[in-house]
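Asker: okay, here's the prediction I keep looking at, along with the sequence it came from:
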Amino acid sequence: MSIYLTDNVSAAARRDILDLQTKISSFQQGDIAEEAFRKFRLTRGVYGQRQPGVQMIRIKLPHGRITADQLVRIADLSDKYATGNLHATTRQDIQLHFVKLADSPQLWAELEDAGITLKEACGNTVRNVTGSARAGIDPEEPFDITPYAYSIFDYFLRNPICQDMGRKFKISLSSSEKDSAYGYMHDVGLVARVQDGKRGFKVMLGGGLGAQPFSAQTAFEFLEEERIIPFTEGVIRVFDRYGERQKRHKARMKYLLNDIGLEELLRRIEEETPALRVKEFQVPAESRVDYKFQIPAEPTENTSIEPATWSSKQQAWFKTNVFEQKQKGWYAVQLRVLLGDMHSDTARALAQIVKKYAADDIRVTVNQGYLLRYVKPSDLTAIYEALDTLGLAEPGFDTTADITTCPGTDTCNLAISSSYGITRALERMMHDEFPDLIFNDDIKIKISGCMNGCGQHSVANIGYHGSSLKNGAYVLPALQVLLGGGFNGKGEGLIADKVIKIPAKRGPDSLRFLLRDFEANAFDGEYYSDYYARQGKNYFYQLLKPLADLKTLNDSDYIDWDHTEQYVTEVGIGECASVLIDLVATTLTEATDKLGWAQEAFADGRWSDALYHSYNVFITGARAALMSRDVPTNTQHGIVSDFDKNFVGEPDFHQNEGDFKALVFSINKQEPSEDFARRFMAEAEGFLQAVQAYRETQILLEGAPELRELVQAKDS
């Protein structure tokens with residue numbers, strides 16, 4: 001099937017889309033191993049679902065920014081290729097579910113026509129760069145982080161240093177000291193600051209969630225703005241070289257930092273300085289104010305708000321979902337979206353509201369809502385009524401009543417229990433029994449379907465993640481309760497403690513216990529995480545312990561939320577159990593591809609890119625050679641060291657131990673010049689030819705290689 005590509009699609013995106021189509025065809029014909037194809041498609045935003053034969057498409061929206069027309073395009077494509085639903089994520093992406101694999105290239109082409117990409121939305125790459133949704137209008141911000149977030153996104157998109165890392169890499173930018181983008185749980189977290197009249201950022205490194213969450217460590221209290229992108233490039237280069245690659249659960253940067261320490265990590269980052277593409281990166285001055293959208297005409301009417309005639313719901317909406325921007329006389333409107341799900345018809349109607357009443361600059365928020373900006377005070381009543389008609393004017397945005405959740409077992413391969421079902425149950429309970437929680441913006445509740453943390457349960461004041469419990473011969477759905485995360489009264493970001501595991505159907509009771517306890521015993525004005533720290537983990541364990549008693553179970557406890565059948569523990573249907581391939585041949589093919597990319601970059605005058613692709617030729621070729629001798633491989637640094645030891649003195653290879661290491665790691669000893677790129681690329685090409693010749697000789701002497709079983713890893 002041919003792909004229709006408009007003139008709006010860039011040459012780079014055009015090639016990516018056609019390459020995806022070609023790889024899909026080759027995979028369906030059995031010419032590409034499942035694992036190799038999985039790795040390929042993930043970096044193109046195509047993610048296997050729990051249900052066989054369909055994909056989740058993750059749409060990468062840098063810092064959650066989107067125009068009204070782009071929102072319409074996504075809604076139209078959801079109708080055309082998916083289910084008519086748009087799911088907003090905690091990383092400010094939008095996801096479409098139940099897409100046929102064969103439709104993904106054309107879907108991508110139609111997104112690129114509207115200036116939207118799928119590239120590196122999943123996989124072991126730099127994921128979507130997130131940022132404070134209020135950026136640019138935040139009354140507390142020292143400056144607008146929007147252009148910085150976009151520049152970081154743009155700089156690392158298709159950058160060779162981050163195309164094949166051991167694991168994913170996440171970056172966030174917060175507009176103020178409130179750290180609303182949760183920098184403390186990111187690989188690189190940036191918080192806007194001004195020092196001595198100069199712009200810069202606080203820099204945090206090595207945060208992460210998952211089964212073993214880590215708070216980031218502060219690398220710099222202040223780093224000048226022009227040093228942010230070069231420093232981040234150095235971080236990624238070090239992570240790429242030294243990060244774990246075999247033990248997937250230990251492959252995030254937080255473990256590298258934990259192993260070598262911050263001082264050593266910063267030393268290694270400094271070593272990369274000569275190799276950096278740029279030593280300073282200035283965000284263009286004109287983009288600091290705006291670079292895409294037009295602000296409506298200045299309001300001419302009185303800017304005071306008189307809500308006395310409004311209904312009680314509208315007054316609550318104004319109090320919880322509306323705030324005055326730093327630009328006096330303008331207001332921002334925040335939309336609370338249950339489960340982060342919006343129907344395509346609703347999205348199209350919302351786009352028309354934006355065009356009529358707001359700036360063409362919608363932000364997807366980290367709590368799965370939307371933010372509209374530059375609304376005139378005279379239009380607040382009209383925009384409320386229009387939003388209320390769509391069900392988008394529910395009060396309580398980003399409050400206790402506004403739960404953040406991942407899709408859980410509805411679509412995800414990794415989920416253990418229903419996230420959506422328990423979220424609905426908890427929100428119903430709070431609406432009925434604790435109606436005033438729509439005014440509480442201290443306690444945040446977050447839910448994930450498993451320990452991996454897409455719902456960010458580890459940074460919630462009250463968090464839950466899906467699990468299971470065994471009771472004799474039977475298994476029931478369960479929730480792990482976590483407490484004390486999020487921000488305390490000092491504004492410090494905290495990681496929650498695991499307190500107790502309870503049957504999933506007792507989730508509402510657990511939240512009821514916790515809220516009533518807080519109402520009864522907290523000091524006036526005390527933050528929930530401070531209250532948790534004061535009382536201690538055991539206090540809450542004892543409070544919730546009766547709910548963990550399995551002697552009092554009834555039949556409904558064996559049925560998960562939103563289900564009618566008895567619960568069975570399963571991680572969704574895998575796309576393939578295993579494949580038989582010649583691992584060495586597959587790896588040598590990867591090295592050949594990387595050499596082609598190096599030659600292409602060199603021809604385009606991109607010396608730094610040509611050097612890094614050539615470096616990867618050395619790494620991949622050496623890994624293939626070591627695999628041919630059954631030498632296990634792990635980090636890039638370890639691959640080079642092991643090849644140096646195992647192949648010293650071999651014909652066509654290095655004759656002295658240390659020579660190969662010196663050659664490969666010369667990449668960070670010199671500036672990325674044309675002459676250096678030409679020499680390094682030629683060395684890489686010669687090395688690859690030598691490995692290929694060695695392998696051919698080995699096969700002649702030892703016979704054809706035995707095909708090896710490669711068990712598929714789970715998508716993440």
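Answerer: Thanks, I have the structure now.

Asker: check contacts around residue 120.
Answerer: The neighbourhood of residue 120, defined by Cβ atoms under 8 Å, 6 or more residues apart in numbering, consists of 43, 45, 60, 126-127, 157-158, 162. Where you see a C-beta, it was placed from the backbone N, CA and C, and this is true even at glycine.

Asker: number of residues surrounding residue 616?
Answerer: Residue 616 sits with 24 neighbouring residues when counted by other Cβ atoms under 10 Å.

Asker: go on, residue 243?
Answerer: Residue 243: 24 surrounding residues under other Cβ under 10 Å.

Asker: hmm, back to that, of the contacts of residue 120, which pair is most distant in space?
Answerer: 45 and 162 (15.3 Å; Cβ to Cβ).

Asker: between the two, which is the more surrounded one?
Answerer: residue 45 (28 against 23).

Asker: sec struct for the residue nearest to residue 540 when sequence neighbours are not counted, please.
Answerer: Nearest residue to residue 540, sequence neighbours excluded (Cβ to Cβ, 6 or more residues apart in numbering): residue 499, at 5.2 Å. Following DSSP: H, G, I helix; E, B strand; the rest coil, residue 499 is assigned to strand.

Asker: and the pLDDT at residue 499?
Answerer: We have a pLDDT of 97 for residue 499.

Asker: now do it against residue 542, distance only.
Answerer: Per Cβ to Cβ, to the nearest Å, residue 499 is found 10 Å from residue 542.

Asker: same thing with residue 627?
Answerer: To residue 542, residue 627 is 54 Å away according to Cβ to Cβ.

Asker: over to residue 443?
Answerer: 20 Å.

Asker: between the two, which one's more packed in?
Answerer: residue 443 (20 against 11).

Asker: distance of the more buried one relative to residue 396?
Answerer: From residue 443 to residue 396 the distance is 12 Å (Cβ to Cβ).

Asker: and for the two, which residues touch both?
Answerer: By Cβ under 8 Å, 6+ apart, the residues touching both residue 443 and residue 396 are residue 437.

Asker: for the strand or helix carrying residue 220, packing partners?
Answerer: Taking DSSP states H and E as the criterion, residue 220 maps to strand 217-224. For strand 217-224, the packing partners by 3 or more Cβ pairs under 8 Å, 6 or more residues apart in numbering; DSSP states H and E come out as strand 188-195, strand 198-205, helix 262-271.

Asker: what's that strand in contact with?
Answerer: 193, 195, 198-206, 231, 257, 262, 266.

Asker: let's see it at 7 Å
Answerer: For strand 217-224, contacts defined as Cβ atoms under 7 Å, 6 or more residues apart in numbering pick out 193, 195, 198, 200-206, 231, 257, 262, 266.

Asker: okay, those in JSON lines with distance to residue 17 next?
Answerer: Output for the contacts of strand 217-224, formatted as JSON lines (distance: Cβ to Cβ, whole Å):
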{"residue": "193", "distance to residue 17": "40"}
{"residue": "195", "distance to residue 17": "44"}
{"residue": "198", "distance to residue 17": "42"}
{"residue": "200", "distance to residue 17": "38"}
{"residue": "201", "distance to residue 17": "34"}
{"residue": "202", "distance to residue 17": "38"}
{"residue": "203", "distance to residue 17": "35"}
{"residue": "204", "distance to residue 17": "36"}
{"residue": "205", "distance to residue 17": "34"}
{"residue": "206", "distance to residue 17": "35"}
{"residue": "231", "distance to residue 17": "33"}
{"residue": "257", "distance to residue 17": "36"}
{"residue": "262", "distance to residue 17": "41"}
{"residue": "266", "distance to residue 17": "39"}
